[in-house]
Every structure is written in structure tokens, then in C-alpha cells.
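Student: give me the fold of what follows.
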Amino acid sequence: MQTEYVEKSRLLEFLIKAKQNSYAKHGTRVESKCILSKNYLYTDTDFRYEDQYFGEFIDVGEEIVWYHNIPIWGMGYRGGIFEEYHSIREETFIFLRKALMMPLKDFPTRGPSTYEEHPYTYVNKSIGDIFSFTGKEIIKKDDIQVYERNYVGGLIKGKASISLKIIERGSKGCQN
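Tutor: Numbering: from 1, shown residues only. As a prediction, this is how the structure comes out:
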């Protein structure tokens, strides 16, 4: 099997576009793959991104990126709005979408480290890098936490992707 290389910058750029053109944008959902799931799809020439989740108040979901039809990156997540704040769910999720439109360029997993739009504050903390990470985001309204989400993800290695290498631009040095 021949080793295939993907520039890290291309993966990061694709992730940013995919995230900004799916849930965060309140983009068009595609047909559900499973009963009661919500699904988003974004593609370009080499990559495909799918986001599937279940739930409206507290949800569980996953995002997967394929390169030439081989799954290479993924993230699982769970979280949502606390029960006592269901009445502000819609405005909280509108604010969340605004934060998610601003993923970090070198770590586009969720939103920025912090984002504020009175009375809301978004905080995102993570450990690791785009290849292997865990994180948590919270939203506060008037300094009271009303939402939280945990996430985990990174590169996927399977039989089909074992020889795929993520490299820095112009390098053949392996990053994974």
C-alpha cells in the first residue's frame, strides 16, 4: 500500500469551511441517517464532512471527515442546556452558533477560546491538538452557567487509513 500525504493546512481549512457551512450557519440539514437524528453534510473535491446528532436540549453526536472516502478525523460530543434553562434554549443556541462560526484556525474543533455578546459568554477549553484532543465548552448568561458540552476526537486510524500521513506544507515528515 502506497503512503498518501495530506497537508495539515488543507485538513484545517476544510474543517473550518465545513463547520461554518453546517450547524453553525444553521445550514440545510440532509436526510436523517437514523430515526430522530439531525444530519449535516459538507463536501469539496477531496474531503467530506458529516455531523450527526440526536436530541434537542441535551444531545449526543459525532463529526467525521473523510479523505477520498476514507474516514480520517472525528469528534464525539455530548452536552446542551441545563433543564432549568430550557425556556432560553433558542436564544442560547443562537448565541452558540455565532461562537461556532469562529473556530480557531489551528484547532477548529468548536468555537474560539472566549466570545462575549452581552448577556452571554462562551468559554472553550481543550487539551491536545487537532490529532488527539479533549475539551469542554460552557455558556454563561449574566455570569450563570446555562450550558455545557464535552468533546473528544482526533485522527482515525484503520486498515484503510493506516498509511495516510498528515504533514506540514511541503514536508514529507510524518505528523501522526
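
Student: please count neighbours and contacts with C-alpha atoms only from this point.
Tutor: Noted.

Student: surely residue 157 touches residue 72?
Tutor: Yes: here residue 157 lies in contact with residue 72, judged by CA atoms under 8 Å, at a distance of 6.8 Å.

Student: who has more neighbours, those two?
Tutor: Shown here are residue 157 and residue 72; by other CA atoms under 10 Å, residue 72 has more neighbours (24 against 15).

Student: show me where this structure has helices.
Tutor: In the chain, the helices defined using DSSP state H lie at 8-20, 89-100.

Student: and those, which is most packed in?
Tutor: When you average the neighbours per residue for each of those (mean count of other CA atoms under 10 Å), helix 8-20 leads with a mean of 20.

Student: contacting residues around it?
Tutor: 41-43, 47, 49, 100-103, 105-108, 166-169 (CA atoms under 8 Å, 6 or more residues apart in numbering).

Student: just the buried residues of those.
Tutor: Among the contacts of helix 8-20, the ones that count as buried by 16 or more other CA atoms under 10 Å are 41-42, 47, 49, 100-103, 107-108, 166-168.

Student: now render those as JSON lines, adding distance to residue 21.
Tutor: Compiled in JSON lines, the buried ones among the contacts of helix 8-20 are given as follows (distance: CA to CA, whole Å):
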{"residue": "41", "distance to residue 21": "9"}
{"residue": "42", "distance to residue 21": "7"}
{"residue": "47", "distance to residue 21": "14"}
{"residue": "49", "distance to residue 21": "10"}
{"residue": "100", "distance to residue 21": "10"}
{"residue": "101", "distance to residue 21": "9"}
{"residue": "102", "distance to residue 21": "12"}
{"residue": "103", "distance to residue 21": "12"}
{"residue": "107", "distance to residue 21": "17"}
{"residue": "108", "distance to residue 21": "13"}
{"residue": "166", "distance to residue 21": "24"}
{"residue": "167", "distance to residue 21": "25"}
{"residue": "168", "distance to residue 21": "25"}
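
Student: surely residue 89 and residue 56 touch.
Tutor: No: here residue 89 lies out of contact with residue 56, judged by CA under 8 Å, at a distance of 9.1 Å.

Student: just to revisit the earlier point, closest to residue 67 out of the buried ones among the contacts of helix 8-20?
Tutor: Within the buried ones among the contacts of helix 8-20, proximity to residue 67 (CA to CA) peaks at residue 47, which comes in at 4.7 Å.

Student: in the sheet, who's paired with the closest one?
Tutor: Beta-bridge partners of residue 47, counted by DSSP bridges, are residue 67.

Student: ok, it - contacts?
Tutor: By CA under 8 Å, 6+ apart, the contact list for residue 47 reads 14, 65-69.
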